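# okay, predicted coordinates and the sequence, questions at the end:
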Amino acid sequence: MPLVTKTSGAPRIMWNGVTRQLDIDDGLPAGSYPVELTASNGVAPDAVHTFTLNVETPVYYSIHINVSVGGSVNADRMSAYQGETVTLAIAPNAGYTLTNISVQYNNGRDAVATQGTGSWGNGVVLRSFTMPAANVTVSAYFVNPTYQAAWEVAKSIIEAATFIVLQKDANTQTELRYRLAEMINEMLHTVIPAKAGMPCPYIFF
């Protein structure tokens, strides 16, 4: 295999003899750069190849983070160009766990897969994704198992009660509406645990 060397061109453009490709230094300004490569096998005359390398300024796209209650997400950058790797540090609050994280673009019509890359300890999880050629929104969802279990109980009761009400005439009487409101209000007090210092919500029809 002939030996290839770069014999002319900008010093920040280098020939990699292992990968047999050009390595372009990060931050090389946009512009046109003449490059000369020479191939030699020690026997035949050297072969010289001259060309112009055009470097364009990358387009950066924004990263918006949308997080539900129960944790935080931080990106190692708030903008990136297409193909760049973005790392997310996901930290659930005490008592919460991460249930889902998504990276979407084009108004939610398309999504980018995230890859697990380890953790920082203290419950912080690392995920990464490859930036598409569009602005993205990172959404993370956390749940508290205690509150979630209580909500599942309340939800099943509400759905069952709603099913019964739906068997009635569509023009429900006022007293039936108040009775349903009283039942839901009672469930909010007795089933769903409220945080200290926070009033329990009431529902009125």
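Cool, got the structure. Numbers count the residues shown, from 1 in each chain.
# SS state for the residue in the chain sticking out farthest from the centre?
Relative to the centre of the chain, the most outlying C-alpha is that of Val43, 55.1 Å out, by CA atoms, centre = their mean. Following DSSP: H, G, I helix; E, B strand; the rest coil, Val43 is assigned to coil.
# what's the answer for the one 10 residues further on, then?
Look at Leu53: counting by three-state DSSP, its state is strand.
# not counting sequence-adjacent ones, nearest residue to Pro58?
Tyr81 (3.7 Å; CB to CB, 6 or more residues apart in numbering). Quick note: C-beta positions are derived from backbone N, CA and C, even for glycine.
# local confidence estimate at that neighbour?
Looking at Tyr81, its pLDDT reads 92.
# so it versus His49, what's the distance?
29 Å (CB to CB, to the nearest Å).
# kindly report the same for Thr130.
From Thr130 to His49 the distance is 32 Å (CB to CB).
# again, but for Met14
16 Å.
# what's the answer for Arg127, then?
43 Å.
# can you show me the helices along this protein?
145-166, 174-190 (DSSP state H).
# ranking those helices by mean pLDDT, which is last?
Going by mean pLDDT, the lowest-scoring of these is helix 174-190, which has a mean of 53.
# per-domain residue ranges of this structure.
3-55, 60-143, 146-190 (automatic domain parsing).
# tell me which of these sits most buried.
Mean neighbour count (mean count of other CB atoms under 10 Å) peaks for domain 60-143 among those, with a mean of 15.
# that domain: how far from the chain's middle?
Counting by CA atoms, centre = their mean, to the nearest Å, domain 60-143 is centred 3 Å from the centre of its parent chain.
# repeat that for stretch 35-46.
For stretch 35-46, the distance to the chain centre is 48 Å (CA atoms, centre = their mean).
# can you get me the start-to-end distance on it?
Start and end residues of stretch 35-46 are separated by 16 Å (CA to CA, to the nearest Å).
# over to stretch 26-42?
Terminal-residue distance, stretch 26-42 (CA to CA): 34 Å.
# no further queries at this time; thank you.
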